[in-house]
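Enquirer: The following comprises the amino acid sequence and a computationally predicted model.
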Amino acid sequence: MSVTHTNGFTANEALKGRRKGSDPLISTARGKLQSRRSKVNDQINRELRMRNGAENLYRATGNKRLKELVAVELSFFNSNIQLLKEELSDLNSDVLVYQHENGLHNVPMIPLGLKETTECDLAVPIKDFILEHYSEDGTQYEREIQELCDLRQDMRTPQRNESGVDLLIEYFNQLHFIEKRFFPPDRVLGAHFHWYDSLTGVPKTQKTMGFEKGSVLFNIGALYTQIGCKQDRTSHAGIQDAISYFQKAAGTFRHLHNHFTNAPSMDMQPHTLTMLIQLMMSQAQECVFECKVLGSNSNNGLLSNVRAAQEAVVVSQMYDDTKLLMTAEPVKDYIPYSWVSMATVKAQYYMALAHTHMATAIIEFADENDSQSLSEFMDALQNTKEVDTENNRLSVPQTQEDRITLGKAHLKGALNCHEEAMRLHDLCKQLRKIDTFQEILKKAHDRCLEKFSSLEEEDDFTEILMFPIINPKTTQNVSPISPEFRNISVVDIFKRLGPITIFNAKNEWSAPRTVTLDRNPDQGFGFSVRGDAPVRVAEMEPGSVAEIGKLKVGDLVVAVGEKDTKWAKHEEVVALVRQCGNHLELKLVTPNLSQDHDTSRSAPGTPNTPLRMQSPRESISTQSNKSNRSRLSAPWTFMRKGSKEKQDKPEKSKEMEDGEAFLH
């Protein structure tokens, strides 16, 4: 980037087109729910603080009467906290508000609420760090600090669409630069990041950037779940979108699980994230089944019903796996009970649908005697030694009576699963509030019962087989989709501090110093520079103006006169030096070589002051990286007139071919 670009750069211009958060005053149904959740979180936080104070008083006092009074207060606080947690659990169980308006006939999905956070004052710690570490006036970066604060404020209320996800990813990507600029690896900045647990509302506060990044990443996954739930699953396009969003949610939680450890809040613990990944995969697989049966009816053929049955078994088994993770310690006592009930009910419901489809296939398509179709039907049934002996005697039905007998066995299994699903549904208070789900379960049960009753004859004493076990099989395997952070490009808000590979919280350098060089018209300055952004002093001529002026080999040229050159290219710095004539002012910093060249080492706990900085004692001309070798200036770029090099006037050195020129 050129000097002119750098000098004219503002964070406002770089982020002019950045995405905005939703207006907190817009009272959508989801917005009201999130607002209510935020208020409950604040109330829980207040009650916890008061309870902690009462506990401290109880331990500190020796007055028996006072202890009794404090014990009563503690009981009161515990009761309030329990009531608030139950209220928060009810809010987390409210799934209907996140569903699409056309989803009255769809089984509801489970969304995840966003983590709430409070405002964070970053101005003071960032200004102090800029002054201490970068030796610059922090007040000169108030505009950039405000941009960062505005971006953080916006991401607290993201829109429930792709734009909201992009906003969260933009802030997450920006945190990469903030962490490198202001968070040394072995100490923390004086900023407190305060986040509430997504499900319990318990507040956690840390100073580490990892906690902030992890919480934002969790909200990206949670937002994907909400967007997936609100898709219109009455169309194939809407179902495919829902599948994609649930996969992205699972991928985000997996990324959080793999890259962030020692999370202080329960919602980001490994066992919780593992459960959430499985839940999102189950819901994505559920959408696959919905896509397969959407628009279909009982006239679609034997094989179509068999494949739908096998898809339903896959969904049922995935929800069984989800239930196992939900009921394991310590997740069982953490998540809402309605989630466990929902997963259990869905496992039974989809197994019932599987048996219903198998019964429909074998009973209603008696004219389909194609051996291949019947063979595939039988392949969908398990016929192993582990199952009941009745199942071991399964064979290809030859007559209509055989078909009806096998179909009734499947219908009996479907009725058993439907009745169990309805029983489990009625046991959960939160699920009973979801009228649409209850209606779906009841209608499916009634259809199955009606079909079974139509096959029952008063004088029929045929023994019904144990319903066969159906093999799971899917035509579309779902898997987590990792977040694509690179798709959202961001500009480093604090770019004016210089290239982040050099000017970061890990590296150290001396305080900037100004060097003034005055030369006679018949002599040069006696030094050469190399590299880009920023250029370095490569060599000095003994006894030259540069040596007398205390230039040091390895110094970084951060300004020429009033022009900032942290981002300047080699040619631009050469041009600026030429324009200065016989009077040259340079602003220089001396890097700490031990850290400048060993990037794997951590910076010391407290950055060295300029007085304790060590100056390089040797030339770094042989240590420049490969990318800068083509940028080398000709030896003694700023030469004395009449020097030997000038008199020799070489024909065209390799450096000259690279576009460099001798300056006089």
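Expert: Okay, I see it. Residues are numbered from 1 along each chain as shown.

Enquirer: Do a quick rundown of the strands in the stretch 401-550 of the chain.
Expert: Under the criterion DSSP state E, counting those that start in this stretch, the stretch 401-550 of the chain contains strands at 513-518, 527-530, 536-540.

Enquirer: number of nearby residues for the closest residue to residue 294 other than its chain neighbours?
Expert: Spatial nearest neighbour of residue 294, chain neighbours left out: residue 236 (6.2 Å); criterion: C-beta to C-beta, 6 or more residues apart in numbering. No exception for glycine: its C-beta is placed from N, CA and C like everyone else's. The number of residues packed near residue 236 is 12, by other C-beta atoms under 10 Å.

Enquirer: name the helices or strands packed onto the lengthiest helix in the chain?
Expert: Secondary structure of the chain read by DSSP state H shows that its longest helix is helix 29-60. If you count contacts as 3 or more C-beta pairs under 8 Å, 6 or more residues apart in numbering; DSSP states H and E, helix 29-60 packs onto helix 64-92, strand 193-196, strand 203-206.

Enquirer: would TSV of the ones you listed with mean pLDDT and distance to residue 262 be doable?
Expert: Below are these laid out as TSV (pLDDT from 0 to 100; distance: least, C-beta to C-beta, whole Å):
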stretch	mean pLDDT	distance to residue 262
helix 64-92	78	24
strand 193-196	92	15
strand 203-206	88	10
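
Enquirer: Out of those, which is the most enclosed?
Expert: When those are scored by mean count of other C-beta atoms under 10 Å, the highest mean neighbour count falls to strand 193-196 (a mean of 23).

Enquirer: starting at the chain centroid, how far to it?
Expert: Relative to its parent chain, strand 193-196 has a centroid offset of 16 Å by C-alpha atoms, centre = their mean, to the nearest Å.

Enquirer: try stretch 174-188
Expert: Averaging C-alpha positions (C-alpha atoms, centre = their mean) puts stretch 174-188 18 Å from its chain's average.

Enquirer: now do the same end-to-end measure for it.
Expert: Taking C-alpha to C-alpha, to the nearest Å, stretch 174-188 runs 18 Å from one end to the other.

Enquirer: do stretch 105-125 as well
Expert: Stretch 105-125 end-to-end distance (C-alpha to C-alpha) = 53 Å.

Enquirer: same question for it, mean pLDDT?
Expert: For stretch 105-125, mean pLDDT is 89.

Enquirer: Number the chain from 45, please
Expert: From this message on, residue numbering opens at 45, which makes the last subject stretch 149-169.

Enquirer: If you count neighbours, what's buried in that stretch?
Expert: The neighbour-count check on stretch 149-169 (16 or more other C-beta atoms under 10 Å) flags 150-162, 164, 166-167, 169 as buried.

Enquirer: Without its sequence neighbours, what residue ends up closest to residue 534?
Expert: Closest to residue 534 by C-beta to C-beta, 6+ apart is residue 217, at 4.6 Å.

Enquirer: Go ahead and list the helix or strand containing the one you found.
Expert: Following DSSP states H and E, one finds residue 217 within helix 206-226.

Enquirer: Please give the centre-to-centre distance between that helix and its chain.
Expert: That offset, for helix 206-226, works out to 10 Å (C-alpha atoms, centre = their mean).

Enquirer: now do stretch 242-258
Expert: Going by C-alpha atoms, centre = their mean, the spacing between the C-alpha centre of stretch 242-258 and its chain's C-alpha centre is 14 Å.

Enquirer: Identify each buried residue in it, please.
Expert: Buried residues in stretch 242-258, counted by 16+ other C-beta under 10 Å: 242-248, 250, 252-258.

Enquirer: Check stretch 562-582 too.
Expert: Under the neighbour-count criterion of 16+ other C-beta under 10 Å, stretch 562-582 has 563, 567-582 buried.

Enquirer: Could you work out the end-to-end span of that stretch for me?
Expert: Distance across stretch 562-582, first residue to last, is 20 Å (C-alpha to C-alpha).

Enquirer: for the record, mean pLDDT for that stretch?
Expert: Rounded mean pLDDT across stretch 562-582 is 85.

Enquirer: For the protein, which residues score under the pLDDT cut-off?
Expert: In the predicted model, the chain carries pLDDT under 70 at residues 45-79, 81-82, 130-148, 339-344, 409-424, 426-443, 501-509, 637-708.

Enquirer: For the spatially most central residue of it, which residues are in contact?
Expert: Geometric centre of the chain, nearest residue: residue 261, 2.7 Å, by C-alpha atoms, centre = their mean. For residue 261, the contact set (C-beta atoms under 8 Å, 6 or more residues apart in numbering) comprises 216, 296, 299, 300, 304, 527.

Enquirer: tell me the angle of whichever strand or helix holds it relative to helix 73-104?
Expert: Assessed by DSSP H and E, residue 261 sits inside helix 253-273. With axes from the mean of the first three to the mean of the last three C-alpha atoms, to 10 degrees as the basis, helix 253-273 and helix 73-104 are set at 140 degrees to each other.

Enquirer: what inclination does helix 253-273 have with respect to helix 206-226?
Expert: 170 degrees.

Enquirer: how far away is the residue nearest to residue 338 from residue 349?
Expert: With distances taken as C-beta to C-beta, to the nearest Å, residue 280 is found 19 Å from residue 349.

Enquirer: Which of the helices and strands packed on helix 73-104 sits closest to residue 484?
Expert: helix 108-136 (21.6 Å; C-beta to C-beta).

Enquirer: residues near residue 373, how many?
Expert: Neighbours around residue 373, by other C-beta under 10 Å: 8.

Enquirer: err, residue 545, not the other one
Expert: 10.

Enquirer: Run a quick neighbour tally on the residue lying closest to residue 482 once chain neighbours are set aside.
Expert: In this structure, residue 482 finds its nearest non-sequential neighbour in residue 469, 6.4 Å apart by C-beta to C-beta, 6+ apart. For residue 469, the count of nearby residues is 21 (other C-beta under 10 Å).

Enquirer: Residue 469: what's it in contact with?
Expert: Taking C-beta under 8 Å, 6+ apart as the test, what residue 469 contacts is 385, 389, 475, 476, 481, 482, 485.

Enquirer: if you look at those, which of them are in helices?
Expert: Short answer: the contacts of residue 469 in helices (DSSP H) are 385, 389, 475, 476, 481, 482, 485.

Enquirer: if we can go back for a sec, quick one: which of the helices and strands packed on helix 73-104 is nearest residue 190?
Expert: Closest among the helices and strands packed on helix 73-104, using C-beta to C-beta: strand 237-240, at 18.4 Å.

Enquirer: name the element the closest residue to residue 88 other than its chain neighbours belongs to?
Expert: The spatially closest residue to residue 88, leaving aside those adjacent along the chain, is residue 245, at 4.3 Å (C-beta to C-beta, 6+ apart). Following DSSP H and E, there is no helix or strand that holds residue 245.

Enquirer: hang on, isn't residue 245 packed against residue 157?
Expert: No. Using C-beta atoms under 8 Å, residue 245 is not in contact with residue 157; the gap is 9.8 Å.

Enquirer: okay but residue 171 is in contact with residue 178, surely?
Expert: No. Under the criterion of C-beta under 8 Å, residue 171 makes no contact with residue 178, lying 10.6 Å away.

Enquirer: Which one's more surrounded, the two?
Expert: Using other C-beta under 10 Å, the more surrounded residue of residue 171 and residue 178 is residue 178, with 23 against 18.

Enquirer: What does the more buried one show for phi and psi?
Expert: Main-chain torsions, residue 178, degrees, to the nearest 10: phi -100, psi -10.

Enquirer: cool, and residue 370?
Expert: Phi and psi for residue 370, reported as degrees, to the nearest 10, are phi -70, psi -30.
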